[in-house]
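In: below is the sequence, then the predicted model.
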Amino acid sequence: MHPDQWLPHLMKCQHLPEADILSLCNRVRAILIEEGNIQPVNSPVTICGDIHGQFWDLLELLRKGGMVPDTKYIFMGDFVDRGNYSLETVSLLLALKARYPDKVSLLRGNHETILSTRTIDECQQKYGSSSVWKACCTTFDYLNLAALIDGTILCVHGGLSPDIRTLDQIRVLTRAQEIPHEGAFCDLMWSDPDEVPSWAVSPRGAGWLFGNNVTREFNHVNGLSLIARAHQLVQEGHKFMFNTSLVTVWSAPNYCYRCGNLASIMRFFEDGRRDFIDYGPAPENERDRGMPMRRIGGAGAQYFM
């Protein structure tokens, strides 16, 4: 089948038959194999943070930002886990990538992993096996690690690494693998900016905390004006740090259907302008009220992403 035949079903939150989702994964994997670790993108483009299986809120994002192909998007990872519709969410994003490969860039997040147990359970419930999830994870292994807007704005899921000084060092990483437990690839998925002098141990147990000096030096060395990333819940939907040299964008409103936060997407225009669109939960979430949610442990909100 062609993506044009899949998209109407996916837009209604209907998961595809197993044979179709396997075909979709193969199609997108073939596209991603031809792309690099850092995907170059020209403005205008809209960037999005974590979605986390909140399908109706992904539809709200598309309503606010404009549907593909009228709007070009970079999704900065964490499409799955936490929400009720990880399979439908990732299926829609993959179908949009398959149909409009030059209009959709999909970056890997730390949750795009075979270890996403909630999504494995969802797959077992909806398909009776884990084969669909395994196919998705094989595709995740080829997701871009970063995107570069107009040569000056780096988009990445988590943050920086003490093992990476230049963009070329990202370009030569081996990405076709499960996310390692440590090292440069891991750090791109897991690190966070913080008010630290340089580098500090991350309370997440993976990646690093990195500060203003690290960010400004990395931007200077690589000719960047901004690092855009996701990975951390922001109550207002977006947050600048380090004299606007870094921005966090979060795109899952009322995260886990309980946090009460806004969501944002960030738009970059050809003339250099940039702005945010903020939004709350989609009204369709009301129909799911009462659905069981995975219990999240005692870690603070900013660390359970």
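Out: Ah, there it is.
In: helices of the stretch 51-200 of the chain, start to end?
Out: 55-65, 86-99, 117-127, 131-140, 167-171, 184-190 (DSSP state H, counting those that start in this stretch).
In: lowest mean pLDDT across these, which one is that?
Out: For those, the weakest mean pLDDT is recorded on helix 117-127, namely a mean of 87.
In: list the buried residues in it.
Out: By neighbour count on 16 or more other CB atoms under 10 Å, the buried set for helix 117-127 is 118-120, 122-123, 126-127. Using the backbone N, CA and C atoms, a C-beta is placed for each residue, glycine as well.
In: now stretch 24-37
Out: In stretch 24-37, counting by 16+ other CB under 10 Å, buried: 24-25, 27-29, 31-32, 35, 37.
In: narrow those residues to those in helices?
Out: Among the buried residues of stretch 24-37, the members falling in helices (DSSP state H) are 24-25, 27-29, 31-32.
In: show me which of these is closest to Ala252.
Out: Ala252 has its nearest neighbour among these in Val28, at 22.2 Å by CB to CB.
In: may I ask which helix or strand encompasses the closest residue to Arg165 other than its chain neighbours?
Out: What sits nearest to Arg165 in space, not counting adjacent residues and going by CB to CB, 6 or more residues apart in numbering, is Val221, at 6.3 Å. Secondary structure assignment for Val221, by DSSP states H and E: helix 212-222.
In: chain center to that helix, what's the gap?
Out: 23 Å (CA atoms, centre = their mean, to the nearest Å).
In: for it, packing partners?
Out: strand 226-229 (3 or more CB pairs under 8 Å, 6 or more residues apart in numbering; DSSP states H and E).
In: ok, Ile265 - contacts?
Out: Ile265 sits next to 46-49, 61, 64-65, 249, 251, 276-277 when contact means CB atoms under 8 Å, 6 or more residues apart in numbering.
In: hang on, it in a helix?
Out: No - per DSSP: H, G, I helix; E, B strand; the rest coil, Ile265 lies outside any helix segment and is strand.
In: around the residue nearest to Arg165, how many other residues sit close by?
Out: 11 (other CB atoms under 10 Å).
In: roughly how far does it sit from Pro162?
Out: Noted for Val221: a distance of 14 Å to Pro162, by CB to CB, to the nearest Å.
In: before we move on, what about Cys256?
Out: In terms of CB to CB, Cys256 sits 31 Å off from Pro162.
In: these two: which is more packed in?
Out: More neighbours surround Cys256 than the other of Cys256 and Pro162, with 20 against 13 (other CB under 10 Å).
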